[in-house]
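coords below, sequence missing:
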């Protein structure tokens, strides 16, 4: 339950609601794709941390080289921590759950006051990481689930309508499946999975798991239960979206779908219900991220205490959060584009580690080739640069295109690493 809550933020509500509206009668096909990427990848990320035997993400990424491990892990923690994800939890809660109660001229001061309270509560919950399971898993998560169950039951008992024809992007079953895959991929929960996996591992050790097998078994069970809960919530929330078009019309975002749905079923009380759902969902994610980031920085530089790091992270997140949600997302996208393929590579290498004997050259080669591609695409998209020869190669030669084109380079780097390891062995 704790792991489910750590993963389940406001974005996990918005994405499936928006997908449901657009997929319409092709919802079931789209949701299969969404669950494969939006649930399957985070599940693999958590399990690989228990399976690989790595102490933490730094240990796993350092298999490609100590310098790479420190640089990659630090950048990942900063991105999903104080630079992006932690501030986003507070601003999303305000904009989705509270802004409708505040007059536009009071937005700045109201957001600042709310963020101060939100980050203060985050700090209090995160300051004692050994109490996370009790505070989140046994108290907050049941309240969160109960709040969502109220909305889900209402939508099942009295549907707003029936599923409409899908939009152009979901017009056929193949398009629906492909776009479902992409929407699940774009939740980017796989980034957090390697971080939250360590929290679970530490928790199961706290509860008595000692051997590597016990740690892996308990981590895997927790991951599977959390994944099932995520999948169920996604299915029901997407169904609300699919049946809402006749009443709400096509909304620009999933936030509009949820706001309209809760108002339709519960009137003004619905706004309060939505606020409770979003608040608890974002709070648990924020607590998990502060805990994970503080623990990482203690390991990196232990002359500063965990408590000091936690305070610094929440204060910095408060400051960033006041710039607003749009500015935070705009600034973080390039870094996420850079990090996501490398995260996928580490997850996959962690699973097949024993097949190539965990050789450093395989990790290093795969990470280097994939990272070179990610760096180029990040710079090109951010600064609107173009190298015609490279762009033509990427578009006309690569067998896998689009957001998954990094797979071409990951496979190339992996094969190159295997060849180099064989040559090294013979020499």
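Received the coordinates, thanks. Please read these numbers as outputs of a predicted model, since none were measured by experiment.

who touches residue 126 in this structure?
132, 287, 290-291, 294, 310, 314 (Cβ atoms under 8 Å, 6 or more residues apart in numbering). Where C-beta positions appear, they are placed from N, C-alpha and C, glycine not excepted.

which stretches in the stretch 201-350 of the chain count as helices?
Applying DSSP state H, counting those that start in this stretch to the stretch 201-350 of the chain gives helices spanning 212-242, 245-248, 254-266, 268-300, 306-321, 325-351.

ranking these by mean pLDDT, which is last?
Mean pLDDT is lowest for helix 325-351 among those, at a mean of 84.

what packs against that helix?
Packing partners of helix 325-351 (3 or more Cβ pairs under 8 Å, 6 or more residues apart in numbering; DSSP states H and E): helix 41-52, helix 57-61, helix 66-79, helix 85-93, helix 189-206, helix 360-383, helix 406-426.

what angle do helix 66-79 and the longest one make with each other?
Looking back up the chat, that one is helix 360-383. 40 degrees (axes from the mean of the first three to the mean of the last three Cα atoms, to 10 degrees).

what sits up against helix 360-383?
63-65, 68, 72, 334-335, 337-342, 345-346, 349, 356, 385-387, 390-391, 405-406, 408-410, 412-414, 416-418, 420-421, 424.

now swap in the shortest one and tell me
Contact partners of helix 57-61, identified using Cβ under 8 Å, 6+ apart, comprise 48-49, 52, 54, 68-70, 72-73, 76-77, 194-195, 198, 296, 299-300, 346, 350.

which members of those residues are classed as buried?
48-49, 52, 54, 68-69, 72-73, 76-77, 194-195, 198, 296, 346, 350 (16 or more other Cβ atoms under 10 Å).

picking that back up, now, of the contacts of helix 360-383, which are buried?
Buried among these by 16+ other Cβ under 10 Å: 63-65, 68, 72, 335, 337-342, 345-346, 349, 405-406, 408-410, 413-414, 416-418, 421.

can you check which of the helices and strands packed on helix 325-351 gets nearest to residue 265?
Residue 265 sits nearest to helix 85-93 of all these, at 20.8 Å, using Cβ to Cβ.

and the angle for whatever helix or strand comes next after that closest one with helix 268-300?
Helices and strands here follow DSSP states H and E; after helix 85-93, the next one along the chain is helix 107-126. On the basis of the same axes, to 10 degrees, helix 107-126 is oriented at 60 degrees to helix 268-300.

what's the first helix or strand after helix 107-126?
Helix 107-126 is succeeded, C-terminally, by helix 132 (DSSP H and E).

residues of the helix or strand just after that following helix that come out buried?
Next helix or strand after helix 132 toward the C-terminus (DSSP H and E): helix 141-157. Buried residues in helix 141-157, counted by 16+ other Cβ under 10 Å: 141, 144-145, 147-148, 150-152, 154-155.

again, but for stretch 320-334
Buried residues in stretch 320-334 (16+ other Cβ under 10 Å): 320-322, 324-325, 328, 332.

farthest-apart pair in these, please.
322 and 332 (15.7 Å).

need the winner for burial among the helices and strands packed on helix 325-351.
helix 85-93 (a mean of 27; mean count of other Cβ atoms under 10 Å).

what packs against that helix?
So helix 85-93, by 3+ Cβ pairs under 8 Å, 6+ apart, packs with helix 107-126, helix 268-300, helix 306-321, helix 325-351.

tell me the contacts of the closest residue to residue 286 other than its chain neighbours?
Leaving aside its chain neighbours, residue 286 sits nearest to residue 89 (4.0 Å; criterion: Cβ to Cβ, 6 or more residues apart in numbering). Taking Cβ under 8 Å, 6+ apart, we find residue 89 in contact with 9-10, 118, 122, 282-283, 285-286, 289.
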